[in-house]
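K.L.:
generate coordinates for the sequence data below:
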Amino acid sequence: MLFTPQNITFAVLLIPGYQWLDVVGPVAYVNTHSYSVLQKMPVIPESIRAKAPMINWHYISSEGNLNPVSASAGPPHIPTVNLTSCPPIDYLLVPGANSSLRFSEALSSFIHERFPTLQGLLTVCTGSTLFAQTGLLDGVHVASNKVALKYMAETGRLNRKVKWVADKRFVRDGKIWSAAGITSGLDLAAEFARVHFDPELVDLARNLSEYDSRPAQPDPFAPILDGVVLD
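P.N.:
All right, here's what the predicted structure looks like:
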């Protein structure tokens with residue numbers, strides 16, 4: 001069902017060493033649909049701007065403080081809220097980082113407290129393998145970075161309670177949206193927009209971005225996991 005909410009609130013989890021494009025791609029693409037962006041473009045008809053939601057963004061360090069977080073590239077990112085000051089959120093975006101990292105007890109508690117009221121969780125790349133440690137992906141069909149899945153399966157580190165998907169660029173299972181490797185985060189963002197926003201708005205953002213998103217299948221990178229047992 002298509003709908004255009006008046007306000008949407010996202011939180012982005014900043015994990016030390018997170019993949020820069022996992023955040024920048026989806027955030028920029030989704031935000032292109034926002035009223036705050038389109039109101040600055042007089043060339044956009046008011047009839048389309050009126051369909052755009054207000055999208056609010058909060059950035060949370062996985063460390064629970066307000067210290068700058070360095071990514072794989074780009075400048076350090078300064079969190080806007082911490083685990084206790086974060087307001088109610090509709091969606092949580094989790095980018096990929098080193099899969100061996102462990103969430104703190106405080107972060108795990110925050111996630112478990114907020115998860116029931118989330119409208120959706122979005123993970124990109126190894127964000128899903130990290131988030132899996134919360135147990136909230138058990139039994140869920142989930143995509144992740146295929147090279148990481150292959151390595152984790154072969155070294156006995158793969159969480160097999162999750163139903164990992166080997167042949168899709170992105171997957172939606174209930175309110176869990178997951179993208180495979182880095183660039184598939186853009187395709188996940190485009191699918192999120194297609195489902196949630198007015199078609200005219202979606203087409204406008206596509207043209208502004210000059211990006212033709214790929215479907216979940218066929219996945220040209222599926223052969224990476226040929227012969228790898230994920231269950």
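K.L.:
in terms of secondary structure, what does the helix or strand bottoming out on mean pLDDT in the chain contact?
P.N.:
Ranking every helix and strand in the chain by mean pLDDT, DSSP states H and E puts helix 46-49 at the bottom, with a mean of 91. If contacts are counted by 3 or more CB pairs under 8 Å, 6 or more residues apart in numbering; DSSP states H and E, helix 46-49 sits against helix 35-38, helix 199-209. The way it works is simple: take the backbone N, C-alpha and C, and place the C-beta from them, glycine included.
K.L.:
closest one to residue 145 among those?
P.N.:
When the helices and strands packed on helix 46-49 are compared for distance to residue 145 using CB to CB, the nearest one is helix 199-209, at 23.2 Å.
K.L.:
what segments of the chain are helices?
P.N.:
Using DSSP state H, the helices of the chain run over 20-31, 35-38, 46-49, 105-114, 127-131, 146-154, 184-196, 199-209.
K.L.:
output the least confident helix or strand of the chain in CSV with nothing but the alpha carbons.
P.N.:
What follows is helix 46-49, C-alpha atoms only, in CSV (Å, rounded to 0.1, in the frame of the first residue of the first chain):
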residue,chain,number,x,y,z
GLU,A,46,4.1,22.4,-6.1
SER,A,47,1.7,19.5,-6.8
ILE,A,48,4.6,17.1,-6.5
ARG,A,49,6.3,18.9,-3.5
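K.L.:
related to what we said a few turns ago, quick one: the helices and strands packed on helix 46-49 as JSON lines, columns for distance to residue 227 too.
P.N.:
Shown next, in JSON lines, are those (distance: least, CB to CB, whole Å):
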{"stretch": "helix 35-38", "distance to residue 227": "45"}
{"stretch": "helix 199-209", "distance to residue 227": "37"}
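K.L.:
reformat these as TSV; add mean pLDDT and distance to residue 44.
P.N.:
Formatted as TSV, the helices and strands packed on helix 46-49 follow (pLDDT from 0 to 100; distance: least, CB to CB, whole Å):
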stretch	mean pLDDT	distance to residue 44
helix 35-38	94	5
helix 199-209	96	7
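K.L.:
make TSV from those and add mean neighbour count and distance to residue 82 to it.
P.N.:
Output for the helices and strands packed on helix 46-49, formatted as TSV (neighbours: other CB atoms under 10 Å; distance: least, CB to CB, whole Å):
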stretch	mean neighbour count	distance to residue 82
helix 35-38	17	24
helix 199-209	17	31
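K.L.:
many thanks, we can stop here.
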